[in-house]
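A.B. asks: Using only what follows, build the 3D model:
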Amino acid sequence: MADKKVRVRFAPSPTGGLHLGGVRTVLYNYLFAKQLGGDFIVRIEDTDQTRFVEGAEAYIFKCLEWCGLLPDESPVHGGQYGPYRQSERKVLYKKYAEELVANGYAYYAFDTPEELGKMRNDLKTDENPSPQYDGNVRMKMRNSLTIAAAETDRLLKEGTLHVVRIKMPDHETISFTDMIHQEVSFDSSVVDDKVLLKADGMPTYHLAVVVDDYLMKITHAFRGEEWLSSAPVHILLWKYLFGLENMPQWAHLPLIMGPSGKLSKRDGAKYGFPVFAMNWNDKSKNELTEGFKERGFLPEAFINLLAVLGWNDGTEQEIFSLDELIEKFSIDRVHKAGAKFDFEKAKWFNQEWIKKLGVENYGLRVKEYFISRGIEITDDAYFNKVLELVKDRCILLTDFYEQAGYFFVAASQWDTEAVKPKWTDGKTAFFNEFCGQLNALADWDTSSIETIFKELAATHAIKPGELQLPMRIMLVGGKFGPAVFEIASLIGKEETVARIKKALTIFNA
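C.D. replies: Got it, this is the predicted structure:
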């Protein structure tokens, strides 16, 4: 397959929020394809209509757009190998299922749900608490292997509900080379006869993924490690239908681990961090689950932290742009073991990207937070100056409001406990005189404000350090923010004087 154009795919089911593990799978697919000049395809696997959730497909594409990982082909973007929704390809799969039956690799199974339940109950033992429909059981059930051909034909013609199951061979070693795990082998006898075509005519994942990968000319398939146990079924389907020489190279990605096993939405709820890329609103449960975007993450940081969650380039570098990742990514440096998600480290990545990027890259999103808190931004140039001044103090985009809200609305509360114990009449006199000098100041800039502040402090025989904290609390309301003279310079003369005078009435009350 070395001479074929690289084609990779991400094939989500539209059933809920897009987990960060799913986005990492997208990312590794995307990086691999772009590095080699290939195509990245998104295929929607919506064959299980009982789990379909309205709005989930559109949500997936919004997440990919936010991450900057747009596909070359998809139900939205089109392409020559469509349709890209499995539900629209239903007619394709039956032909392949019947071909498998005709060649003796699969069979029709007419067992009712009651019969299946009875089998599981009758064969249940302490050693085998969950009996499977496998080589030990199939000849005891009602299927085309145990009933006469004429009876099978009659049942099919009458439209009797049935499924198509693969007939797993006895004690056959099934092996393949995984791009991450290397040589992997299975004993076919321990794998059950998976359903390939359901009673409603829809394929299961096992048949659909093989047929679609073949028809869409997929060359490499990256998927989660949880699908490794299904590999024997898929290998046999490739062998029976299309030949193993056409099978994509597989890479089963290690799991992302949480505090107590595979990272789940439950972990996020328990420990207070997001696990979805963006907010997911499950209307059926009236449940909103917060995403990384809404928590205040930059897409650049989100992609960066996912890339190194189980991969490194062999150096100490941790901060990577998407272009750098495309250049440096290699599947052979993906770790075999699961990577543990650390939310504190995730926030560190976001802080680094806030500092790294110019505020024009995220100013519009930050403005949304301010507007939602009732602050209208009318001067974008001023707004960006403020963001630039405080950005090194922000970990999440949502922090900008706390770190910079006072530039737009004066504080209504002051940390008086930090001031009053050391407050004196001399300090009151200093700030009253300071206001007069500020009003008379011709050049309103940081340096000029600082100069008259320190000169006046010397005149009053008060150390500047004893006055800067009160001034900060006068302007900000608390003990935080950038250099106090820069704050004064930005909010302007009139506002600075007004805030000092207002605070003096509070401090002297």
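A.B. asks: With adjacent residues omitted, what lies nearest to Asn281?
C.D. replies: Counting by Cβ to Cβ, 6 or more residues apart in numbering, Asn281 lies nearest to Leu288, which is 5.1 Å off, once chain neighbours are set aside. C-beta here means a position set from N, CA and C on the backbone, and glycine is covered the same way.
A.B. asks: Name the residues of the host helix or strand of that neighbour that are buried.
C.D. replies: Using DSSP states H and E, Leu288 falls within strand 287-289. For strand 287-289, burial by neighbour count (16 or more other Cβ atoms under 10 Å) applies to Thr289.
A.B. asks: So what's the gap between that strand and the chain middle?
C.D. replies: On the basis of Cα atoms, centre = their mean, to the nearest Å, strand 287-289 sits 15 Å off its chain's mean C-alpha point.
A.B. asks: Just the residues contacting that strand, thanks.
C.D. replies: By Cβ atoms under 8 Å, 6 or more residues apart in numbering, the residues outside strand 287-289 that reach it are 17, 265, 268-269, 274-276, 279-282.
A.B. asks: Let's see that with 6 Å instead.
C.D. replies: Residues from elsewhere that reach strand 287-289 (Cβ atoms under 6 Å, 6 or more residues apart in numbering): 17, 276, 280-281.
A.B. asks: what does stretch 300-308 give?
C.D. replies: 23-24, 27, 67, 292, 320, 325, 346, 349-350, 353.
A.B. asks: SS state for Phe222?
C.D. replies: Of the three states, Phe222 takes strand under DSSP: H, G, I helix; E, B strand; the rest coil.
A.B. asks: Spatially, and excluding backbone neighbours, which residue is closest to it.
C.D. replies: Setting aside the residues directly before and after it, Phe222 is nearest to Ala251 in space (Cβ to Cβ, 6+ apart), at 4.7 Å.
A.B. asks: Leu207 now?
C.D. replies: The spatial neighbour of Leu207 that comes closest, neighbours along the chain excluded (Cβ to Cβ, 6+ apart), is Leu196 at 4.1 Å.
A.B. asks: Return the mean pLDDT over the helix or strand where the one you found lies, rounded to an integer.
C.D. replies: Assigned by DSSP H and E, Leu196 belongs to strand 195-197. Taken as a whole, strand 195-197 has a mean pLDDT of 98.
A.B. asks: for it, packing partners?
C.D. replies: Contact here means 3 or more Cβ pairs under 6 Å, 6 or more residues apart in numbering; DSSP states H and E; on that basis strand 195-197 packs against strand 163-166.
A.B. asks: quick one: strands adjacent to the strand it packs on?
C.D. replies: Under the criterion DSSP bridges, strand 163-166 sits next to strand 106-109 (antiparallel), strand 195-197 (antiparallel) in its sheet.
A.B. asks: What number of neighbouring residues does the closest residue to Trp311 other than its chain neighbours come out with?
C.D. replies: Distances taken as Cβ to Cβ, 6+ apart put Val334 closest to Trp311, at 4.9 Å, once the chain neighbours are dropped. By other Cβ atoms under 10 Å, 19 other residues sit near Val334.
A.B. asks: ok, Val334 touching Ile180?
C.D. replies: Yes - at 5.4 Å, Val334 and Ile180 qualify as touching, with contact defined as Cβ atoms under 6 Å.
A.B. asks: thinking the residue nearest to Leu207 is in contact with Ala97, fair?
C.D. replies: Yes - counting by Cβ under 6 Å, Leu196 touches Ala97, with 5.4 Å between them.
A.B. asks: who touches both of the two?
C.D. replies: Shared contacts of Leu196 and Ala97, defined by Cβ under 6 Å, 6+ apart, comprise Val164.
A.B. asks: The two: who's more crowded?
C.D. replies: More neighbours surround Leu196 than the other of Leu196 and Ala97, with 26 against 22 (other Cβ under 10 Å).
A.B. asks: what's near enough to touch that one?
C.D. replies: Neighbour list for Leu196: 97, 164, 166, 204, 206-207 [criterion: Cβ under 6 Å, 6+ apart].
A.B. asks: Looking at these, which gets the smallest pLDDT?
C.D. replies: In terms of pLDDT, Thr204 ranks lowest among those, with 93.
A.B. asks: and that one, how many neighbours?
C.D. replies: Around Thr204 there are 20 other residues, counting by other Cβ under 10 Å.
A.B. asks: Quick check, it in contact with Val195.
C.D. replies: Yes - between Thr204 and Val195 there is a contact at 5.2 Å, judged by Cβ under 6 Å.
A.B. asks: show me where the protein has strands.
C.D. replies: Using DSSP state E, the strands assigned to the chain run over residues 7-10, 39-42, 106-109, 163-166, 173-178, 182-187, 195-197, 220-224, 249-253, 256-258, 261-262, 280-282, 287-289, 339-340.
A.B. asks: Among these, which comes closest to Glu127?
C.D. replies: strand 182-187 (17.4 Å; Cβ to Cβ).
A.B. asks: Could the C-alpha coordinates of the closest one be exported in PDB?
C.D. replies: This file holds the C-alpha atoms of strand 182-187, laid out as PDB (Å, rounded to 0.1, in the frame of the first residue of the first chain):
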ATOM      1  CA  GLN A 182       3.500  -4.400  16.800                       C
ATOM      2  CA  GLU A 183       2.600  -8.200  16.400                       C
ATOM      3  CA  VAL A 184      -0.800  -9.000  17.800                       C
ATOM      4  CA  SER A 185      -2.400 -12.500  17.800                       C
ATOM      5  CA  PHE A 186      -5.800 -14.000  18.700                       C
ATOM      6  CA  ASP A 187      -7.300 -17.500  19.000                       C
END
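A.B. asks: strands paired with it, and their directions?
C.D. replies: Strand pairing for strand 182-187, using DSSP bridges, gives strand 173-178 (antiparallel).
A.B. asks: Let me know the average pLDDT across the partner strand.
C.D. replies: 96.
A.B. asks: residues in contact with it?
C.D. replies: Here strand 173-178 makes contact (Cβ under 6 Å, 6+ apart) with 183-186, 188, 232, 235, 250, 252.
A.B. asks: Tell me the pLDDT of Val53.
C.D. replies: For Val53, the predicted pLDDT is 85.
A.B. asks: What pLDDT is listed against the residue sitting furthest away from the middle of the chain?
C.D. replies: In the chain, counting by Cα atoms, centre = their mean, Thr459 sits farthest out from the average C-alpha position, at 58.7 Å. pLDDT for Thr459: 97.
A.B. asks: where's it relative to Glu99, distance?
C.D. replies: Distance of Thr459 to Glu99, computed by Cβ to Cβ, to the nearest Å: 97 Å.
A.B. asks: Equivalent analysis for Leu31, please.
C.D. replies: Counting by Cβ to Cβ, the gap from Leu31 to Glu99 is 36 Å.
A.B. asks: So for those two, which sits in the more crowded spot?
C.D. replies: Legend: neighbour count by other Cβ under 10 Å for Leu31 and Glu99, higher for Leu31 (25 against 13).
A.B. asks: Please verify my assumption that the more buried one contacts Phe329.
C.D. replies: Yes - using Cβ under 6 Å, Leu31 makes contact with Phe329 at a distance of 4.0 Å.
A.B. asks: where in this structure is pLDDT low?
C.D. replies: The model of the chain has pLDDT under 70 over residues 1-3.
A.B. asks: let's go with 90 and repeat that
C.D. replies: The chain contains residues with pLDDT under 90 at 1-4, 47-54, 126-130, 259-262, 264-270, 282-287, 509.
A.B. asks: So if we follow the domain assignment, how does it break up?
C.D. replies: Domain ranges of the chain: 89-207, 416-507, per automatic domain parsing.
A.B. asks: I appreciate the help and will end here.
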